[in-house]
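K.L.:
could you look at this predicted model? Sequence included:
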Amino acid sequence: MGKLDGKVAFITGVARGQGRSHALALAEEGADIIGVDICAQVDTVNYPMSTPDDLAETVKLVEDRGRRIIARLGDVRDLVLLRDVVAEGVADLGRLDIVLANAGIMTHGLDPADRSVQAWDDGIGVILTGTWNTLQATVPALVEGGRGGSIVITSSSAGIKAGWTDTHGGFDSYIAAKFAVVGLMRAYAGRLAEHSIRVNTVHPTGVATPMVVNEFFSAYMQRYPHIAGRSQNALPVPVIEPIDISRAVLYLVSDDGRYVTGTTHVVDAGMTSVAS
Ligand SMILES: NC(=O)c1ccc[n+]([C@@H]2O[C@H](COP(=O)([O-])OP(=O)(O)OC[C@H]3O[C@@H](n4cnc5c(N)ncnc54)[C@H](O)[C@@H]3O)[C@@H](O)[C@H]2O)c1
């Protein structure tokens, strides 16, 4: 018997990285999945984003685990599309219990003058507006279901600790949006408590996904050693794995976390609280 037998989860950014890992972890506990991913390049992102092949691989891996998945191409900045995907998924899979607002981008730039305003807009659009859109598209189905539910928004260690920035709009947008989603989380935790719908954020330190394991990110950290210096973990691990975040998400969305709401759940190897 799984911890999530009979439940349905909606996940954004499901094609690869943490989103795929969460889909597989939840499927292994019995959940069916509704997923969306842009699977295309955002202009101001300086590392390769996911592809339709990545999304197809997530579909295969969920189905290999004996679970159903409805996966669609789509941008979290498009509220109409998100509503359509949620409606299709709920019609096919019968219900909605869990929401993971996980999609995100880094629009950091090496050159301060390079598309800095556009990078700010794209970062805020995907991370902050995308999270708000995800809430708008899913909360009505959770409330109408009448069975409670759990929402986890992926913030970052950058949504807890921000001691420096470069002079490019991309990094500013990442920090601002990752702090801002904590405000959304608290507001929705309060609003939805009477429906037994819990809302929390998760705050990973560096995770070994294509977002940070790429040539651009290595060059960026060399260019901005202040940021690299402030991003060290206290525990002797340079980066953690997607499954480390999936285990935290599983705790938050299952009955193990049934009275946990309104919290900032940090999984950071001591980065924000212990490391200097
Ligand atoms: N990797 C890290 O070190 C790290 C650390 C802390 C927080 N995070 C956050 O974790 C989350 C997952 O990132 P990841 O590490 O798996 O990176 P990733 O780049 O491997 O995965 C992100 C996924 O989100 C999708 N996505 C991006 N923009 C989208 C949009 N507009 N609409 C729909 N889908 C979109 C991408 O296509 C990709 O499949 C992000 O919110 C990220 O900011 C990452």
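P.N.:
Everything's here; your move.
K.L.:
I'd guessed residue 130 sits against residue 37; true?
P.N.:
No. At 11.6 Å, residue 130 and residue 37 do not qualify as touching, with contact defined as CB atoms under 8 Å. C-betas here are computed from N, CA, C, even on glycine.
K.L.:
looking at those two, which is more packed in?
P.N.:
Each of residue 130 and residue 37 has its neighbours counted (other CB atoms under 10 Å); residue 37 has more, 29 against 26.
K.L.:
now for that one: which residues touch it?
P.N.:
12-16, 19, 50, 54-55, 71, 73-74, 103 (CB atoms under 8 Å, 6 or more residues apart in numbering).
K.L.:
and the nearest residue to it once chain neighbours are set aside, what helix or strand is that in?
P.N.:
Closest residue to residue 37 apart from its sequence neighbours, by CB to CB, 6 or more residues apart in numbering: residue 15 at 3.8 Å. Residue 15 belongs to no helix or strand when assigned by DSSP states H and E.
K.L.:
next, count neighbours for residue 15.
P.N.:
For residue 15, using other CB under 10 Å, the count is 27.
K.L.:
and for the residue of the stretch 51-200 of the chain found nearest the ligand, the neighbour number?
P.N.:
Per CB to the nearest ligand atom, residue 104 is where the stretch 51-200 of the chain lies closest to the ligand, at 2.3 Å. The number of residues packed near residue 104 is 24, by other CB under 10 Å.
K.L.:
just the strands from the stretch 151-276 of the chain, written as ranges.
P.N.:
197-204, 264-267 (DSSP state E, counting those that start in this stretch).
K.L.:
wondering if the first one reaches the ligand at all.
P.N.:
Yes. Using CB under 6 Å from any ligand atom, strand 197-204 reaches the ligand at residue 204.
K.L.:
what packs against that strand?
P.N.:
helix 130-145, strand 149-154, helix 169-192, helix 242-253, strand 264-267 (3 or more CB pairs under 8 Å, 6 or more residues apart in numbering; DSSP states H and E).
K.L.:
with the shortest one instead?
P.N.:
For strand 264-267, the packing partners by 3+ CB pairs under 8 Å, 6+ apart come out as strand 197-204, helix 242-253.
K.L.:
picking that back up, contacts only, for the residue nearest to residue 37.
P.N.:
So residue 15 contacts 35, 37, 39, 50, 51, 54, 55, 57, 58 (CB under 8 Å, 6+ apart).
K.L.:
before we move on, what SS does the residue of the chain positioned farthest from its centre have?
P.N.:
Most distant residue from the mean C-alpha position of the chain: residue 113, 28.3 Å away (CA atoms, centre = their mean). Classification of residue 113 by DSSP: H, G, I helix; E, B strand; the rest coil places it in coil.
K.L.:
still on that earlier bit, in helices, which of the contacts of residue 37 fall?
P.N.:
19, 54, 55 (DSSP state H).
K.L.:
check those one by one and keep those near the ligand.
P.N.:
residue 19.
K.L.:
ok, and the most crowded of the ones in helices among the contacts of residue 37?
P.N.:
Highest count within the ones in helices among the contacts of residue 37 by other CB under 10 Å belongs to residue 19, 28 neighbours.
K.L.:
got the confidence number for the residue lying closest to that residue once chain neighbours are set aside?
P.N.:
Spatial nearest neighbour of residue 19, excluding adjacent residues (CB to CB, 6+ apart): residue 13 at 3.9 Å. With respect to pLDDT, residue 13 scores 98.
K.L.:
before we move on, what about residue 202?
P.N.:
So residue 202 comes in at 98 (pLDDT).
K.L.:
which residues does it form beta bridges with?
P.N.:
residue 154, residue 265 (DSSP bridges).
K.L.:
just checking, it touches residue 155?
P.N.:
Yes. Residue 202 is in contact with residue 155 according to CB under 8 Å; the separation is 6.8 Å.
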